[in-house]
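Asks: Sequence first, predicted coordinates after that:
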Amino acid sequence: MDEHLHVNTPLLESVAMSKRVGTAVYLKMENSQPSGSFKIRGIGHLCQQLASTSKGIVCSSGGNAGMAAAYAARKMRVPATIVIPSSTPHLVVQRLRDQGATVKIVGKIWDDANAEALRLAETEGLTYVSPFDHPLIWQGHSSVITESATSLGPGVKPVAVLLSVGGGGLLCGVVQGLKDVGWAGVPIIAMETAGADCLNASVKAGRRVTLDDITSEAKCLGAKTVCKQAFEYSQSKEVTVISEVVTDRQALHALQTFLDEERVLVEMACGAALAAVYSGLVHRLQAEGRVAAHPGPLLVIVCGGSSMDMEQLFLLKRKLEKV
Ligand code: PLV
């Protein structure tokens, strides 16, 4: 199969965000991928490279990597088993089943589910699909930048790229994409929520650390340890990674504002990146001279996600706004 499984997503100027930031903001609408998030870029690529003759794939996921793997497997006519933790909302279980996948719920957080996926790969002879930690995944994800560069046109270079970090696969892909299009110096604002901040904790410690637990509601950012390559990029002089953390309430507020202003519903993992705009963090980075205010644009990766609907939003609002 030569055709890739992801689609070219729209790159939309956000007038409302541009007004807030004071420079043009462009949104890379990964929510409109067939699996609901950017994950299909990398996971689709990996599956096409490694799994076309496989007797089946097994993917551990907080939800969206699983959606991508299940979608890829269905298109490739390969069976898929997706292992998710109990923290994954039921609506995702249903969406995975609708893609034809077998769903196993194991443990409380992604790291528990991942141990089971690795075990199944070993004992059942299935192709293991990591949600973020593989060079083929990063290569697939890099297309989010090459595509954005084509849409922006020649001579336009972003002042920064804004994204979320879970295990760091998107970050690695974006770094690769920036290098591919000659934008290696463009800073990446790498956002996490408190309680799912494995990159930030590692950056602070100066070494890769493992969180004790995942306490954030942004479960799709909930890897306890960031992948080695992402940490190495954060320490590299060739790449500028600005690691920042927001609260769950800020991420929730961000996704609600995004829904109101841009008419698109995304999940908490994506809200973390959007919160950098709505909480004034981008403004602060501009004031500190860490991100240029002009000429723009700021490129926001709207990573998307399938674990949010109106009921889930209502539950989260009740839970977080009570605190
Ligand atoms: N989610 C992974 C890892 O979870 C998953 O299994 O779906 N935005 C969204 C909507 C995501 O789903 C994820 C990752 C990220 C951002 C972060 O991407 P990463 O893991 O490549 O840094 C534990």
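Replies: Everything's here; your move.
Asks: For the stretch 201-323 of the chain, which segments count as strands?
Replies: Remark: strands assigned in the stretch 201-323 of the chain by DSSP state E, counting those that start in this stretch are 241-246, 298-302.
Asks: partners of the last one in the sheet?
Replies: It stands for strand 298-302. As defined by DSSP bridges, the strand partners of strand 298-302 come to strand 25-29 (parallel), strand 160-164 (parallel).
Asks: For the protein, give me the ranges with low pLDDT.
Replies: 1-2, 323 (pLDDT under 70).
Asks: Residue numbers of it in contact with the ligand?
Replies: Residues of the chain found near the ligand (CB under 6 Å from any ligand atom) are 37, 39, 61-65, 110, 131-132, 164-171, 220-223, 267, 269-270, 303-305. Every residue, glycine included, has its C-beta placed from N, CA and C.
Asks: so of the residues you listed, which ones are in helices?
Replies: If you go by DSSP state H, the residues of the chain next to the ligand have 39, 64-65, 110, 169-171, 269-270 in helices.
Asks: can you pull out the helices in the stretch 101-250 of the chain?
Replies: According to DSSP state H, counting those that start in this stretch, the stretch 101-250 of the chain carries its helices in the segments 110-124, 135-141, 143-152, 169-180, 198-205, 228-235, 248-262.
Asks: and residue 58, helix, strand or coil?
Replies: Under DSSP: H, G, I helix; E, B strand; the rest coil, residue 58 falls in the strand class.
Asks: and it, what does it touch?
Replies: Going by CB atoms under 8 Å, 6 or more residues apart in numbering, residue 58 touches 80-83, 117, 120-121, 124, 126-129.
Asks: Torsion angles phi and psi at residue 223?
Replies: Dihedral angles phi and psi of residue 223 (degrees, to the nearest 10) take the values phi -100, psi 140.
Asks: And for residue 239?
Replies: The main-chain torsion angles of residue 239 are listed as degrees, to the nearest 10 and equal phi -130, psi 140.
Asks: and it, how far is that from residue 55?
Replies: 39 Å (CB to CB, to the nearest Å).
Asks: Ramachandran angles for residue 80?
Replies: Torsion angles, degrees, to the nearest 10, at residue 80: phi -130, psi 130.
Asks: Begin at 40 from now on, thanks
Replies: Taking 40 as the first residue, the last one we looked at is residue 119.
Asks: What sits closest to it if chain neighbours are left out?
Replies: By the measure of CB to CB, 6 or more residues apart in numbering, the closest residue to residue 119 outside its immediate chain neighbours is residue 112, 3.5 Å from it.
Asks: So what's the gap between the helix or strand encompassing that neighbour and the chain middle?
Replies: Here residue 112 is covered by helix 103-115, with elements defined by DSSP states H and E. Per CA atoms, centre = their mean, to the nearest Å, the displacement of helix 103-115 from the mean C-alpha position of its chain is 16 Å.
Asks: quick one, that helix and helix 208-219 angle?
Replies: When axes from the mean of the first three to the mean of the last three CA atoms, to 10 degrees is applied, the directions of helix 103-115 and helix 208-219 differ by 70 degrees.
Asks: And for residue 138, nearest residue in space, chain neighbours not counted?
Replies: Distance criterion CB to CB, 6+ apart; nearest residue to residue 138, sequence neighbours excluded, is residue 109 at 3.8 Å.
Asks: Tell me how many other residues crowd that neighbour.
Replies: By the measure other CB atoms under 10 Å, the count of residues near residue 109 is 27.
Asks: now do residue 68
Replies: Counted with other CB under 10 Å, the neighbours of residue 68 add up to 19.
Asks: highest average neighbour count across the strands of the stretch 240-362 of the chain?
Replies: Each of these was given a mean neighbour count from mean count of other CB atoms under 10 Å, and the largest, a mean of 28, is that of strand 337-341.
Asks: follow-up on the earlier one: name all residues that make contact with the residue nearest to residue 119.
Replies: The neighbours of residue 112, taking CB under 8 Å, 6+ apart as the test, are 86, 90, 95-96, 118-119, 138-140.
Asks: again, but for residue 128
Replies: Under the criterion of CB under 8 Å, 6+ apart, the contact list for residue 128 reads 102, 346, 351.
Asks: switch the cut-off to 7 Å
Replies: For residue 128, the contact set (CB atoms under 7 Å, 6 or more residues apart in numbering) comprises 346, 351.
Asks: Tell me the backbone dihedrals of it, please.
Replies: According to degrees, to the nearest 10, the main-chain angles of residue 128 amount to phi -60, psi 150.
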